[in-house]
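K.L.:
how would this look folded up:
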Amino acid sequence: MAESTLEQGPRYKIPESVLVVIHTADLQVLLLERSDHPGFWQSVTGSREGADEPLVQTCRREVAEETGIAPGEGQLIDWHLENHYEIFPHWRARYGPGVTRNAEHVFGLLLPAPVAVRVADREHLRAQWLHWREAAELCFSWSNVEAIRQLPARAATGCGAAVSSR
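P.N.:
Reported below is the predicted structural model:
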């Protein structure tokens, strides 16, 4: 017999997430406008679904869910960068009691050219491709701004490790 939801309790988000900067070689960056906060622009983000979900899988799942970009499209690169920040108070109810901080792992997804995206209506209002400087100016999250500002140097040096397509 399956356990009831009441016995399991509420399902909280895990305070460990990914930030995926989707970009092209000529440094165009894809940004998404949040539906719950119009005017808040960001790269793809999302939390792990389980403590054992590999971060690469979290990246691929979130990119597919939020943009419709296929999991194997482009080159996913682990930037080996981890940010820690306080969760905005208006989003804390999504996490367990007393959880106030999140660990965010940064990845890049290099595409050969801008592609049309299909935004997840419940999460985003629209998407746009912008030059990296414009994209950095538009983002509301400091960690997203800093990641985009690192993009030219990372692209020039190939900094980061490509993740296998498995």
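
K.L.:
Please make it C-alpha for all contacts and neighbour counts, starting now.
P.N.:
OK.

K.L.:
Just want the most central residue of this structure.
P.N.:
residue 45 (2.1 Å; C-alpha atoms, centre = their mean).

K.L.:
if I read this right, it contacts residue 18, doesn't it?
P.N.:
Yes: using C-alpha atoms under 8 Å, residue 45 is in contact with residue 18, at 5.5 Å.

K.L.:
Residues that sit against both of these two, list them.
P.N.:
Taking C-alpha atoms under 8 Å, 6 or more residues apart in numbering as the contact rule, residue 45 and residue 18 both touch residue 59.

K.L.:
Now do the buried residues in the longest helix seen in the chain.
P.N.:
Using DSSP state H, we find that the single longest helix of the chain is helix 142-157. Within helix 142-157, the residues that count as buried by 16 or more other C-alpha atoms under 10 Å are 143, 144, 145, 147, 148, 149, 151, 155.

K.L.:
Packing partners of that helix?
P.N.:
Judged by 3 or more C-alpha pairs under 8 Å, 6 or more residues apart in numbering; DSSP states H and E, helix 142-157 is in contact with strand 16-24, helix 132-138.

K.L.:
Touching the shortest one from outside, list them.
P.N.:
Right, the one you point to is helix 132-138. 27, 28, 29, 30, 31, 41, 144, 145, 146, 148, 149, 151.

K.L.:
so what's the last one up against?
P.N.:
Read it as residue 151. 27, 132.
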